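Student: pasting a predicted model and its sequence here:
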Amino acid sequence: MIGDGEVGHDGEVIRPLRDEVIRPLRDDELPLLADATLMNVNWTGEPRFTAAEVAAEPTLAHYTVLDRGRGDEALVAVAGGETVGLVWYLFLGGDDPGFGHVADDVPELSVCVWPGHRGAGLGERLVEAACAHAAGRGARRMSLSVEAGNPARRLYTRLGFAGVPGAAEGTMVRGL
Ligand SMILES: CC(C)(COP(=O)(O)OP(=O)(O)OC[C@H]1O[C@@H](n2cnc3c(N)ncnc32)[C@H](O)[C@@H]1OP(=O)(O)O)[C@@H](O)C(=O)NCCC(=O)NCCS
């Protein structure tokens with residue numbers, strides 16, 4: 001339970017989540033992937049990348065596109081009529097692998113909680129919802145990539161993700 005005035009790890013006062021729902025992203029909401037990717041690449045709080053730079057860099061831009069025909073899916077958290085978080089998993093592979101690629105049949109997860117709602121458990125609920133969703137579609141493992149120094153790694157470790165020997169630095173995998 002979040003108390004009045006409690007501050008999240010982003011330094012913002014945590015706003016209570018009213019009538020939180022986590023549901024599949026609608027097509028008209030697809031631009032949220034670019035918003036969330038931009039927040040994720042700028043996780044340090046410094047403006048390391050602009051939206052235009054993300055769009056122009058193929059190794060980042062592919063995280064902003066959902067190919068449902070390939071099995072990709074995104075779940076959005078909405079509370080009080082506002083978007084408060086997004087989680088998505090992509091089957092990037094072949095000649096266009098993501099940073100957390102381990103095998104073409106292992107989707108790679110990205111998650112972002114909007115400022116003002118971080119540190120209150122929503123990230124955990126989003127990751128668990130995406131893992132359950134992918135498992136329901138037959139996926140056996142989920143991967144992700146986390147940059148060195150990002151404290152999100154603690155959350156992923158707590159949720160059962162572990163480093164992958166031989167894979168790129170920051171790659172983590174969990175069984176579903
Ligand atoms: C990472 C993120 C999705 C986690 O969502 P959340 O709702 O804040 O997470 P929860 O409240 O469920 O869990 C809190 C955990 O987040 C982790 N965490 C993430 N960023 C953190 C930070 N800046 N400071 C402290 N803890 C942080 C901690 O492990 C914390 O758990 P702990 O208190 O047990 O150590 C969210 O903080 C976020 O969007 N951060 C900015 C972008 C980002 O880093 N995205 C991930 C890229 S890999």
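Tutor: Sure, I can see it. Here the structure is a predicted model, which is why all the values come from computation and not from measurement. Numbering: from 1, shown residues only.

Student: the protein: helices as residue ranges?
Tutor: 32-41, 51-56, 58-61, 122-136, 152-158 (DSSP state H).

Student: let's have those helices in CSV, adding mean pLDDT.
Tutor: Output for the helices of the chain, formatted as CSV (pLDDT from 0 to 100):
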stretch, mean pLDDT
helix 32-41, 98
helix 51-56, 98
helix 58-61, 98
helix 122-136, 98
helix 152-158, 98
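
Student: possible to save these as CSV with mean neighbour count and distance to V146?
Tutor: For glycine as for every other residue, the C-beta is placed from the backbone atoms N, C-alpha and C. Shown next, in CSV, are these (neighbours: other CB atoms under 10 Å; distance: least, CB to CB, whole Å):
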stretch, mean neighbour count, distance to V146
helix 32-41, 20, 10
helix 51-56, 13, 18
helix 58-61, 13, 15
helix 122-136, 18, 12
helix 152-158, 16, 5
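
Student: which one, of these, ends up nearest to G94?
Tutor: G94 sits nearest to helix 58-61 of all the helices of the chain, at 13.5 Å, using CB to CB.

Student: list the helices and strands that closest one packs on?
Tutor: Secondary-structure packing of helix 58-61 (3 or more CB pairs under 8 Å, 6 or more residues apart in numbering; DSSP states H and E): helix 51-56.

Student: can you give me every residue that contacts the nearest residue to F161 once chain neighbours are set aside?
Tutor: In space, and not counting its chain neighbours, F161 is closest to M172: 3.9 Å by CB to CB, 6 or more residues apart in numbering. Contact analysis of M172 by CB atoms under 8 Å, 6 or more residues apart in numbering lists G100, S143, L144, S145, V146, R153, Y156, T157, F161, A162, G163, V164.

Student: restricted to buried residues, select these in ChimeraX.
Tutor: To isolate the buried subset of the contacts of M172 in ChimeraX, counting by 16 or more other CB atoms under 10 Å, use the following:
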select :100,143,144,145,146,153,156,161
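
Student: could you list the buried residues of the strand ranked longest in the chain?
Tutor: Assignment by DSSP state E gives strand 82-90 as the longest strand of the chain. By neighbour count with 16+ other CB under 10 Å, strand 82-90 contains the buried residues T83, V84, G85, L86, V87, W88, Y89, L90.

Student: what bridges to the fourth one?
Tutor: On the basis of DSSP bridges, L86 is bridged to V76, C112.

Student: that one and R18, how far apart?
Tutor: 18 Å (CB to CB, to the nearest Å).

Student: how close does R70 get to the ligand?
Tutor: Going from R70 to the ligand by CB to the nearest ligand atom, to the nearest Å gives 21 Å.
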